[in-house]
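**Q** Please find the sequence and the predicted model below.
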2 protein chains.
Amino acid sequence: MARVVVDVMLKPEILDPQGKAVHGALDRLGFELVTDVRQGKRFELEVDGEMDDEKLADVNKLAETLLSNPVIETYAVTVAS
Amino acid sequence: MARVVVDVMLKPEILDPQGKAVHGALDRLGFELVTDVRQGKRFELEVDGEMDDEKLADVNKLAETLLSNPVIETYAVTVAS
């Protein structure tokens, strides 16, 4: 069993209202050390057996086609264990 | 400027309906290699100046009090750069 993490974030040029809302709340509650917040999604996938190049290619394909919207989002695949 | 990532996931014992929905979609579309999916949130924070222990403690505090619900979620703080 392998664990793969897919992180999906909005592209930098895309406005992130959720991030802005969180940032506003942090300011109001005195956490001024934070100058910007971006919020995205994190998927932890369990994959059968050990990871190999073919499975990694499959995970990249599903990350691009199902877990993210390539028009406004970027994704990163990390094999965790 | 430092970049800190806060990953927030549901605790393992908590049912994850979003993860189940994604898993169902992956199965229907032929990605049977994935045996389980957990979905969570990823926050990328920009912090003024360089990170130090005091700022790291602040980020942990805001992660616990604002970005996650400790009853059902766990969080992990990673200093990215």
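**A** Looks like it arrived, so ask away.

**Q** List the contacts of stretch A:5-18.
**A** Here stretch A:5-18 makes contact (Cβ atoms under 8 Å, 6 or more residues apart in numbering or on different chains) with A:19, A:37-45, A:59, A:63, A:67-68, A:72-78, A:80, B:42, B:44. Quick note: C-beta positions are derived from backbone N, CA and C, even for glycine.

**Q** longest strand of chain A?
**A** strand A:34-47 (DSSP state E).

**Q** so what does that one touch, helix or strand wise?
**A** Where contact means 3 or more Cβ pairs under 8 Å, 6 or more residues apart in numbering or on different chains; DSSP states H and E, strand A:34-47 is packed against strand A:2-10, helix A:17-28, helix A:53-62, strand B:2-10, strand B:34-47.

**Q** where does A:Glu32 fall, phi/psi-wise?
**A** phi -70, psi -10 (degrees, to the nearest 10).

**Q** any idea how far it lies from chain B?
**A** 8 Å (Cβ to the nearest Cβ, to the nearest Å).
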